[in-house]
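*Asks:* Quick one: sequence and predicted model below, then my questions.
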Amino acid sequence: MYAHQGSILHVDLTEDKIWKEPLPEEWRKLYVGSRGINARLLWDYCKDPDITWDDPRNVIIYAPGAVTGTTAPASGRTSVTTVGCTTGLYLKSNMGGHWGAELKFAGYDHIVVHGEAERPSYIEINDDHVDIHEDTDLWGKDVLETDTYLKKKHGYDSKGLYIGPAGEKLVRGASIMGSCYHAAGRGGGAAVMGVKNLKAISVKGTKPIRVKDPKRFAEVAKEMRELLIEDSGAQGLHEHGTAGSMAGVNELHALPGKNWQTGHTENVYPITGQAVTEQGYLKRRVACFGCTIGCHRYSEIDEGPHAGIASGGPEYETLGALGNGPGLVDTEAVLILNEICNRLGLDTITAGTVVQWAIESYERGVLTKEDTDGLELGWGKLEETKEAIIKMAERDGSLGNLMGDGLKIATEQVGQESYKWAIMNSKGLEQSNVETRSAKAYALAFAVNPRGNDHLMTETFAEFGASPEAVEVIEKITGDKKYATPHSTEKRAEIVRWHEDCYEITEALGFCVFTSTAAFGVNPDNMARLYEAATGIEMDEETLMRTGRRVVTLEKAFNVTRGATRKHDDLPYRLMHEGAASGPLKGETNNPEELAKMLDRYYTLHEWDLKTSWPYRSTYEKLQLDDVADYLERFGRLPEE
Amino acid sequence: MSNVLLVDMEKCTGCKQCALACSLTKEDLFDPLRSRIKILKREKTAMSVQLLCEQCSGHPCTDACPEDALTRDEGTGIITVDADLCTGCGACAKVCPYHAIRLHPETEVPLICDLCGGDPYCVQHCVPEALMWVDETDERVKEKKKLRAARMAQYKSIIEES
């Protein structure tokens, strides 16, 4: 088979069984790869709503993209799909690094892990040789220790995917870590691995990847590479990483601070990407497999009491969530907290959002000293924040258990209207560091995101019109450049829907979404040409975008089985009801009326029912998802047309 | 004027585009194990070391070959392998001072960089410019040796660690 390796690996941890199935040709046409085929697999195995995240029947699926392992620039990413533990709904989390390409070289497009091991175990893959190893010594090791241990056993050049102590303890913000510092961070996929007693997947492969038309493939890959070299966004990402935009975001008064109570921070420099670079903390610019941008970082503290602290990152989200958020406008403070999260396997976004909620709750007297195990939480207090995060990762004491469960459960447990300052929406995932009150397409995208409210299922960065390429994208979607402004609510549904499809196909091919929706070198047209050259499957822009729509609809259907309705498509209470603190949009909210209007338009465009938000039978049928409609009909989950 | 290939480890982001490009142009497929440029990674510190034929003046590989399958162009220093004579014994790989030679996983013929005959395909793919194809001057040759020494020191430390 061309581009794909043609094989799905199944591992059943309960039955201690391993088998392979061929990748269906039809799926390559309908779902393309990675996120798309994962969504189909998850539907097939877990559509029954009785299958909760911790049910042994829940599967966790890992997949590199359709063109991962080739010279297509930045196409080395991996999608992880499962029933998420934070929301109980559909979860897809995507990671960079080199693990996915290695899996492809071992000969597999997807791994589906079923069941639960009786004791701590890990999976070893070496081409056709696949083993489940029971290994209790591995349990309790942090991510770096696990990496060292498994590389000793299976070779220096093996690649690993791990959970840390947070995943073992079923912390809902636990992240799956790839060797060494990449993360499928969001939604608690690591807790799904934890409940399965699955500590790691070690991979080594020696099988080449072939494409149908190498010459044409190389030409399209070159076109993409050259567009990315010219793109100012991609250049910025290489120079100062994702955090290079921090000062600019702050200027817009859109940098969330103190649990979204502020949007602007004086002297923000210490938590910018520029500060990490210029103060000498940056040791290396790092790329994921096949990436010509290289936005990832490796940073270290050389001197002083914290000398020797080193890790991957820190990223924009980490400097936001663990720096500006808890009031730690201090480079070293973030480097310290980042290193702890990477080692313990904790999502820095969730860790930051939960700790900010805890600080505010303590400040308000809603959490007492008894609840915090004696910790005097407050803004700008590194030691207390650090201790709270370690407690969270290890579920240590009352505070650790409360934080370990995430905001959705914690706010129910604490009560006292503490949901009003919990930055999550009805689905329950802690929000990433985007000020949705002043960016309306982001607001809509966050609200409808099937995994909870963050930017990583649809990135509508183009609405800022920050570069000529971004403006061009908005003009292409809406027909007019004037809509390239984040403050307008007009045409936001059109912008979101286009980005949903584009983002999906970007991931399905294995590309980093920065290449198509933050920088603009990869687009639906050149992706379609590349896919055709790679596989020999006839493809054009419209057909490829339609596969994106199909997958987005299938993901939606999965949540419909779990009872998600229109009321789950909302935004955090604070952002809907409290105005932005300062700046050009001081007082602006994501008020329910404004959101309702955008939602109406969005569901109409999708041909989904306005009342329930559910897709109609005819909508499924147009996308060749007839079997999905049949299943939902049995549950009474098809709206009347 | 001829050119020289500079390989700067400090600029490398470890993406492996070079190795993929090499396997594509030489073998019509993608496989870092079939590339003439090897990337050795220390993942913990995100460090990458590039290993490839340096066209060195000592060239012990040609002397080590019991079948005289390796010949060297005196002008360019490029090593050519006669696959018909090669038995895949690996003697050349063992003696290479720069750990640059690997055997083809199927044919066992040594994979040795030939600079694509004067237009290295990998260089076009190296966006961070860790690979640079530049005019040969005394200064550049000196620089090449300096960069190589740094890579070899790093290689040694990675191998010792593993």
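*Replies:* Nice, thanks for sending it over.
*Asks:* per-residue pLDDT, B:Met1?
*Replies:* Predicted confidence (pLDDT) for B:Met1: 60.
*Asks:* top helix in chain B by residue count?
*Replies:* helix B:138-161 (DSSP state H).
*Asks:* Which other helices and strands does it contact?
*Replies:* strand B:3-7, strand B:38-42, strand B:47-51 (3 or more Cβ pairs under 8 Å, 6 or more residues apart in numbering or on different chains; DSSP states H and E). C-beta: built from backbone N, CA, C; applies to glycine.
*Asks:* now the ones you listed as a markdown table including mean neighbour count and distance to chain A?
*Replies:* Listed next are the helices and strands packed on helix B:138-161 as a markdown table, based on neighbours: other Cβ atoms under 10 Å in any protein chain shown; distance: least, Cβ to the nearest Cβ, whole Å:
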| stretch | mean neighbour count | distance to chain A |
| --- | --- | --- |
| strand B:3-7 | 19 | 16 |
| strand B:38-42 | 19 | 8 |
| strand B:47-51 | 23 | 7 |
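*Asks:* of all the ones you listed, which lies closest to B:Ala153?
*Replies:* strand B:47-51 (9.5 Å; Cβ to Cβ).
*Asks:* next structured bit after the closest one?
*Replies:* helix B:60-64 (DSSP states H and E).
*Asks:* From the chain's centre, how far out is that following helix? Work that out for me.
*Replies:* 16 Å (Cα atoms, centre = their mean, to the nearest Å).
*Asks:* Buried by neighbour count: which residues of the following helix or strand past that helix qualify?
*Replies:* Following helix B:60-64 in sequence order, the next helix or strand is strand B:70-72 (DSSP H and E). Within strand B:70-72, the residues scored as buried using 16 or more other Cβ atoms under 10 Å in any protein chain shown are B:Leu70, B:Arg72.
*Asks:* partners of strand B:70-72, with directions?
*Replies:* strand B:79-81 (antiparallel) (DSSP bridges).
*Asks:* got the residues of chain B near chain A?
*Replies:* B:13-17, B:20-21, B:23-24, B:27-34, B:41, B:43-47, B:105, B:124-125, B:127-128, B:158, B:162 (Cβ under 8 Å from any Cβ of the partner chain).
*Asks:* Generate a ChimeraX selection restricted to the buried entries among the residues you listed.
*Replies:* With 16+ other Cβ under 10 Å as the criterion, this ChimeraX line picks the buried residues out of the residues of chain B next to chain A:
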select /B:13,14,15,16,17,20,21,23,24,27,29,30,31,32,33,34,41,43,44,46,47,124,125,127,128,158
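*Asks:* Using PDB, list the CA coordinates for the longest helix of chain B.
*Replies:* Provided in PDB are the C-alpha atoms of helix B:138-161 (Å, rounded to 0.1, in the frame of the first residue of the first chain):
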ATOM      1  CA  ASP B 138      40.600  27.700   3.500                       C
ATOM      2  CA  GLU B 139      38.500  29.300   6.200                       C
ATOM      3  CA  ARG B 140      35.500  27.200   5.300                       C
ATOM      4  CA  VAL B 141      37.500  24.000   5.400                       C
ATOM      5  CA  LYS B 142      38.800  25.000   8.800                       C
ATOM      6  CA  GLU B 143      35.200  25.600   9.900                       C
ATOM      7  CA  LYS B 144      34.100  22.200   8.600                       C
ATOM      8  CA  LYS B 145      36.700  20.500  10.700                       C
ATOM      9  CA  LYS B 146      35.800  22.500  13.800                       C
ATOM     10  CA  LEU B 147      32.100  21.600  13.400                       C
ATOM     11  CA  ARG B 148      33.000  18.000  12.800                       C
ATOM     12  CA  ALA B 149      35.200  17.800  15.900                       C
ATOM     13  CA  ALA B 150      32.200  19.100  18.000                       C
ATOM     14  CA  ARG B 151      29.900  16.500  16.500                       C
ATOM     15  CA  MET B 152      32.400  13.700  17.100                       C
ATOM     16  CA  ALA B 153      32.700  14.700  20.800                       C
ATOM     17  CA  GLN B 154      29.000  14.700  21.100                       C
ATOM     18  CA  TYR B 155      28.700  11.300  19.400                       C
ATOM     19  CA  LYS B 156      31.200   9.900  21.800                       C
ATOM     20  CA  SER B 157      29.300  11.200  24.800                       C
ATOM     21  CA  ILE B 158      26.000   9.800  23.500                       C
ATOM     22  CA  ILE B 159      27.500   6.400  22.800                       C
ATOM     23  CA  GLU B 160      29.100   6.300  26.300                       C
ATOM     24  CA  GLU B 161      25.800   7.200  27.900                       C
END
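*Asks:* Measure how far that helix is from the centre of its chain, please.
*Replies:* 13 Å.
*Asks:* do stretch A:412-419 as well
*Replies:* Worked out by Cα atoms, centre = their mean, stretch A:412-419 lies 27 Å from the chain centre.
*Asks:* Over that stretch, what's the mean pLDDT, rounded is fine.
*Replies:* For stretch A:412-419, the per-residue pLDDT averages 98.
*Asks:* returning to that earlier point: which parts of the longest helix of chain B are buried?
*Replies:* B:Arg140, B:Glu143, B:Lys144, B:Leu147, B:Arg148, B:Arg151, B:Gln154, B:Tyr155, B:Ile158.
*Asks:* now swap in stretch A:424-431 and tell me
*Replies:* A:Met424, A:Asn425, A:Ser426, A:Lys427, A:Gly428, A:Leu429, A:Glu430, A:Gln431.
*Asks:* before we move on, what about stretch A:187-202?
*Replies:* For stretch A:187-202, by 16+ other Cβ under 10 Å, it's A:187-202.
*Asks:* cool, and stretch A:307-318?
*Replies:* Quick answer for stretch A:307-318 (16+ other Cβ under 10 Å): A:Ile309, A:Ala310, A:Ser311, A:Gly312, A:Gly313, A:Pro314, A:Glu315, A:Tyr316, A:Glu317, A:Thr318.
*Asks:* so where does the last one fall, helix or strand?
*Replies:* In other words, A:Thr318. Going by DSSP H and E, A:Thr318 is part of helix A:316-319.
*Asks:* Remind me what the helix or strand just after that helix packs against, helices and strands.
*Replies:* With elements assigned by DSSP H and E, the helix or strand that comes after helix A:316-319 is helix A:331-344. Under the contact criterion of 3+ Cβ pairs under 8 Å, 6+ apart, helix A:331-344 touches helix A:143-154, strand A:310-312, helix A:316-319, helix A:348-363, helix A:382-394.
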